[in-house]
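Student: Return a 3D structure for these sequence lines:
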Amino acid sequence: MHLGIDTFFILFLSAIAMGIVAILLGVGGGIFMVPLLTLGGFVPTIHQAAGTSIAGVVFTSLSGTIAYWLRRVIDVRIGLLLMPMTIIGAWCGARLSALIDARWLAIGFAGILLYPVGMMLRGKPPKEIPLSLRGEVRGARLYLTAGIVGLIAGTASGMFGIGGGTVLVPGLAVFLGMDIIAAVATSLFVMVPAALMGATQHWLQGDLRPELALPLILGLVIGAQIGPRVGTRIPKRRLRQLFGIVLLYAAINMILKGLR
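Tutor: Presented below is the predicted three-dimensional model:
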């Protein structure tokens with residue numbers, strides 16, 4: 001489908017801003033992309049917003065994975081344990097999204113937004129959570145926990161078009177006792193193939209708009225590179241609170257859209 005030059009640059013510039021903010025706040029770009037595409041009228045349904053958004057998640061996860069890989073902070077062993085169920089979850093989530101009425105999907109996405117909204121209004125990114133477990137999780141408990149966390153994260157990602165970090169990072173930190181930085185890095189590593197699976201399924205269902213995904217991907221990659229360079233100049237607590245208000249506004253509008 002043809003995309004006007006004006007629409008291309010609106011999405012491109014918006015994605016640069018989303019990439020910068022996502023890096024500064026420690027959240028996935030999907031929580032911004034889906035409301036932008038839906039409430040901005042770029043797509044007719046939230047199904048297409050989710051499918052287009054998760055295509056962007058593939059590239060932001062890959063970019064983050066490369067950066068953290070060079071810093072040697074990814075827990076590859078845990079990541080490989082998580083991957084199978086996360087990939088299955090992403091496929092299931094994408095399939096389920098096609099079966100759910102758009103109104104309920106919009107309300108469900110708004111519910112997902114409430115977690116990062118609450119954290120941001122407190123001045124914290126979602127990855128800054130307390131570690132509630134101590135000691136190393138081993139044996140059958142490790143495999144079971146990794147499977148459940150991966151399945152939930154993958155399903156949420158595939159269904160709503162968001163990065164799995166909103167679920168994976170707290171899950172890795174709280175249930176597996178991982179260091180927060182390692183949890184963030186491992187989450188990105190795991191989400192590369194999972195988001196790719198979700199994007200592929202959305203493509204097969206006709207819910208991925210490549211002409212919209214292209215400017216979003218380009219902008220997100222550029223924004224992700226700019227974010228760390230400007231991060232030291234901005235008071236992060238106030239920035240998080242500001243975008244918490246923006247996300248709360250988006251969540252309320254998504255709910256209202258779903259109830260119409």
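Student: low-confidence ranges in this protein?
Tutor: 1-2, 23-28, 120, 123-139, 227-236, 239-240, 243, 257-258, 260 (pLDDT under 70).
Student: List the residues that contact the residue nearest to the spatial centre of it.
Tutor: Nearest to the mean C-alpha position of the chain, by CA atoms, centre = their mean, lies Gly163 at 2.1 Å. Taking CB atoms under 8 Å, 6 or more residues apart in numbering, we find Gly163 in contact with 27-30, 57, 60-61, 157, 187-188, 191, 195. C-beta coordinates here come from the backbone N, C-alpha and C atoms, glycine included.
Student: Give the helix, strand or coil label for it.
Tutor: coil (DSSP: H, G, I helix; E, B strand; the rest coil).
Student: Switch the contacts of Gly163 over to JSON lines, and while doing so, append neighbour count, secondary structure and distance to Leu151 to every line.
Tutor: Rendered in JSON lines, the data for these read as follows (neighbours: other CB atoms under 10 Å; DSSP: H, G, I helix; E, B strand; the rest coil; distance: CB to CB, whole Å):
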{"residue": "Val27", "neighbour count": "27", "secondary structure": "coil", "distance to Leu151": "21"}
{"residue": "Gly28", "neighbour count": "31", "secondary structure": "coil", "distance to Leu151": "18"}
{"residue": "Gly29", "neighbour count": "29", "secondary structure": "coil", "distance to Leu151": "23"}
{"residue": "Gly30", "neighbour count": "29", "secondary structure": "helix", "distance to Leu151": "18"}
{"residue": "Val57", "neighbour count": "30", "secondary structure": "helix", "distance to Leu151": "17"}
{"residue": "Thr60", "neighbour count": "29", "secondary structure": "helix", "distance to Leu151": "22"}
{"residue": "Ser61", "neighbour count": "26", "secondary structure": "helix", "distance to Leu151": "18"}
{"residue": "Ser157", "neighbour count": "35", "secondary structure": "helix", "distance to Leu151": "11"}
{"residue": "Ser187", "neighbour count": "32", "secondary structure": "helix", "distance to Leu151": "14"}
{"residue": "Leu188", "neighbour count": "29", "secondary structure": "helix", "distance to Leu151": "18"}
{"residue": "Met191", "neighbour count": "34", "secondary structure": "helix", "distance to Leu151": "14"}
{"residue": "Ala195", "neighbour count": "33", "secondary structure": "helix", "distance to Leu151": "15"}
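Student: which residue ranges form the helices in this structure?
Tutor: 5-25, 30-39, 46-70, 76-99, 102-121, 139-160, 165-176, 180-204, 210-230, 236-259 (DSSP state H).
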